[in-house]
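*Asks:* could you work out the structure for the sequence below:
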Amino acid sequence: MKNSIKYFGFILLAVFGFQAQAQDLLRDVDNWRPLDQRGINMFEAPKDTVSTFDGVRVRVGGASTVQFQALDHESAGQWTNEDGTPGRLPEIGANFNLPTANLDLDVQLYEGVRMHLRTYLSSRHHPEPYVKDGYIQIDKLEFIRPGFMEDLMNKVTVKIGHMENNYGDAHFRRTDNAQALQNPFVGNYIMDSFTTEVGAEVYYRTNGFIGMVGASNGKLNQSVVNPDANGVSWLAKLGYDNYETATPDDLRLRLTGSVYHTNKVASSYLYGADRAGSRYYHVMGEGFASGRYNPRFGNEVTAFMVNPFLKYGGLEFFGTFETSSGKQASQTEDRTFTQLAGELIYRFGQNENLYIAGRYNTVSGDHSNGDDIDIDRVQLSAGWFMTKNIVAKLEYVNQNYDGYSVSNPLHGGQFNGLMVEAAISF
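*Replies:* Numbering: from 1, shown residues only. Prediction:
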């Protein structure tokens with residue numbers, strides 16, 4: 001009997017010890033943007049005024065997402081396969097897509113110093129695990145000496161690593177593989193400006209104003225070969241956000257402008273770096289980026305993006321105006337594209353746990369073969385946050401292609417239908 005009581009006591013200690021450890025692993029770290037519902041409409045990671053540092057702390061987070069897809073597609077194109085047979089789009093039916101998963105490690109290394117690492121455990125283009133990005137973020141210089149440059153560092157943040165570039169505001173609202181909980185829709189933009197490069201960004205924030213300058217090597221895949229083809233990519237952002245002073249009853253206002261420029265890179269991936277792939281699987285017979293458009297500028301790129309964001313009560317608007325141009329080093333003239341997007345979202349219910357949303361997205365410009373193309377998409381969605389860590393979405397999507405030559409499968413192309421998505425983030 002005594003042994004039974006002793007063993008039972010050991011079991012209780014182990015269980016409660018594990019629970020305590022689990023709770024500690026989920027404790028928030030400083031200067032960090034939550035992955036759950038709390039992070040919605042939060043853009044750059046906040047600058048905390050009070051430190052909770054009490055030693056090195058590891059926060060383990062993650063995400064898991066799956067979709068049920070019921071889309072149809074069609075094409076008016078007339079093309080010929082390599083074997084000489086007439087081309088046709090592959091038949092697609094209604095079924096589940098590949099479940100995706102992320103693993104996030106955020107480590108408080110010192111007061112005001114944090115490391116972030118995200119690993120894709122499963123993604124459309126890479127079903128095997130691989131690291132998406134990682135960086136160190138410095139908000140204080142206490143590791144030099146206490147209070148060192150404190151007045152300046154109360155307004156400055158430095159990020160260094162192989163990381164997601166802070167070009168524009170749209171990337172804060174997009175789905176990042178399994179991290180889909182903060183995206184009110186299922187799919188990202190048609191031209192998905194997202195890339196990870198080795199570089200550094202310096203932020204200055206005061207009284208709602210934000211400024212950022214950064215530089216990177218412009219490369220998605222790191223290599224030391226062909227050094228003459230590589231140069232420096234520059235990016236910057238300037239804007240205003242009343243996030244810290246606006247109450248829930250006030251008008252939330254944010255307006256930013258961003259620029260990304262490189263005039264010497266082996267191959268630009270600004271619109272083709274998302275190795276997680278598109279949510280609309282196999283539409284129009286395309287690969288893992290099906291439903292998106294990559295202008296494939298090549299060696300030189302300049303892009304500008306302006307993003308207004310307004311929120312009053314449960315109603316919010318987010319907009320995007322983007323113009324980008326670029327070319328191969330061997331070409332004499334730039335090709336130019338314009339992307340427009342507008343989102344209107346209404347959140348309601350207890351803690352805004354329900355929402356309905358609509359988005360209109362257009363892309364127009366000079367295709368690489370000279371065609372003047374237009375692509376437009378309508379997305380209508382509704383969502384339910386069962387908890388702050390779990391969301392279920394229903395989306396209707398309709399996308400149309402215009403301007404492609406008759407021999408292109410996208411000539412007169414269209415896909416539409418329903419998507420259902422369940423996402424978990426913690």
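*Asks:* could you use CA atoms for every contact and neighbour count after this?
*Replies:* Fine.
*Asks:* partner strands of the one helix or strand E197 maps to and their direction?
*Replies:* Assigned by DSSP states H and E, E197 belongs to strand 196-206. Here strand 196-206 is paired, per DSSP bridges, with strand 156-164 (antiparallel), strand 209-216 (antiparallel).
*Asks:* what average pLDDT does the helix or strand just after the shortest one get?
*Replies:* The first helix or strand that comes after strand 209-216 along the chain, using DSSP H and E, is strand 233-241. Model confidence over strand 233-241 averages 97 on the pLDDT scale.
*Asks:* now the strand holding E197 - C-alpha only, PDB.
*Replies:* Only the C-alpha atoms of strand 196-206 are listed here, as PDB (Å, rounded to 0.1, in the frame of the first residue of the first chain):
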ATOM      1  CA  THR A 196      13.300  35.700 -47.200                       C
ATOM      2  CA  GLU A 197      16.800  37.100 -47.600                       C
ATOM      3  CA  VAL A 198      19.900  37.600 -45.500                       C
ATOM      4  CA  GLY A 199      20.000  41.100 -44.200                       C
ATOM      5  CA  ALA A 200      19.300  43.700 -41.500                       C
ATOM      6  CA  GLU A 201      16.500  46.200 -40.800                       C
ATOM      7  CA  VAL A 202      16.600  49.200 -38.400                       C
ATOM      8  CA  TYR A 203      13.400  50.600 -37.100                       C
ATOM      9  CA  TYR A 204      12.700  54.000 -35.400                       C
ATOM     10  CA  ARG A 205       9.300  54.500 -33.800                       C
ATOM     11  CA  THR A 206       8.000  57.500 -31.900                       C
END
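*Asks:* what is the distance between that strand and the centre of its chain?
*Replies:* Relative to the mean C-alpha coordinate of its chain, strand 196-206 is positioned 16 Å out (C-alpha atoms, centre = their mean, to the nearest Å).
*Asks:* the helices in this protein, which residues?
*Replies:* Assigned by DSSP state H, the helices in the chain fall at 2-25, 150-153.
*Asks:* chain center to the last one: distance?
*Replies:* The chain centroid and the centroid of helix 150-153 are separated by 30 Å, computed with C-alpha atoms, centre = their mean.
*Asks:* again, but for stretch 210-222
*Replies:* Chain-centre distance of stretch 210-222: 16 Å, with C-alpha atoms, centre = their mean.
*Asks:* what residues of it count as buried?
*Replies:* Within stretch 210-222, the residues scored as buried using 16 or more other C-alpha atoms under 10 Å are I210, G211, M212, V213, G214, A215, S216, N217, G218, K219, L220.
*Asks:* list the beta-bridge partners for Y135.
*Replies:* What pairs with Y135, by the bridge criterion (DSSP bridges), is H116, G161.
*Asks:* quick one, what contacts it?
*Replies:* The contact partners of Y135, taken as C-alpha atoms under 8 Å, 6 or more residues apart in numbering, are M115, H116, L117, K159, I160, G161, H162, M163.
*Asks:* who are the contact partners of the fifth one?
*Replies:* Contacts for I160 (C-alpha under 8 Å, 6+ apart) come out as Y135, I136, Q137, V198, G199, A200, E201.
*Asks:* just put those in TSV and tack on distance to F297 and pLDDT.
*Replies:* Formatted as TSV, the contacts of I160 follow (distance: C-alpha to C-alpha, whole Å; pLDDT from 0 to 100):
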residue	distance to F297	pLDDT
Y135	27	97
I136	30	97
Q137	31	97
V198	20	95
G199	21	96
A200	24	98
E201	24	98
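*Asks:* among those residues, which two are most distant?
*Replies:* Of all pairs drawn from those, the greatest distance, 13.9 Å, lies between Q137 and V198 (C-alpha to C-alpha).
*Asks:* pick out whichever of these two has more residues nearby.
*Replies:* Q137 (24 against 21; other C-alpha atoms under 10 Å).
*Asks:* run through the residues that contact the nearest residue to the more buried one once chain neighbours are set aside.
*Replies:* Spatial nearest neighbour of Q137, chain neighbours left out: K159 (4.5 Å); criterion: C-alpha to C-alpha, 6 or more residues apart in numbering. Contact partners of K159, counting by C-alpha under 8 Å, 6+ apart, are Y135, I136, Q137, I138, A200, E201, V202.
*Asks:* again, only this time at 10 Å
*Replies:* 113-115, 135-139, 199-203, 214 (C-alpha atoms under 10 Å, 6 or more residues apart in numbering).
*Asks:* returning to that earlier point: any idea which of the contacts of Y135 is closest to D250?
*Replies:* Relative to D250, the closest of these is K159; by C-alpha to C-alpha it sits at 31.3 Å.
*Asks:* could you pull out the strands for the stretch 301-426 of the chain?
*Replies:* Along the stretch 301-426 of the chain, counting by DSSP state E, counting those that start in this stretch, strands occupy 315-327, 335-348, 354-366, 372-387, 390-402, 414-425.
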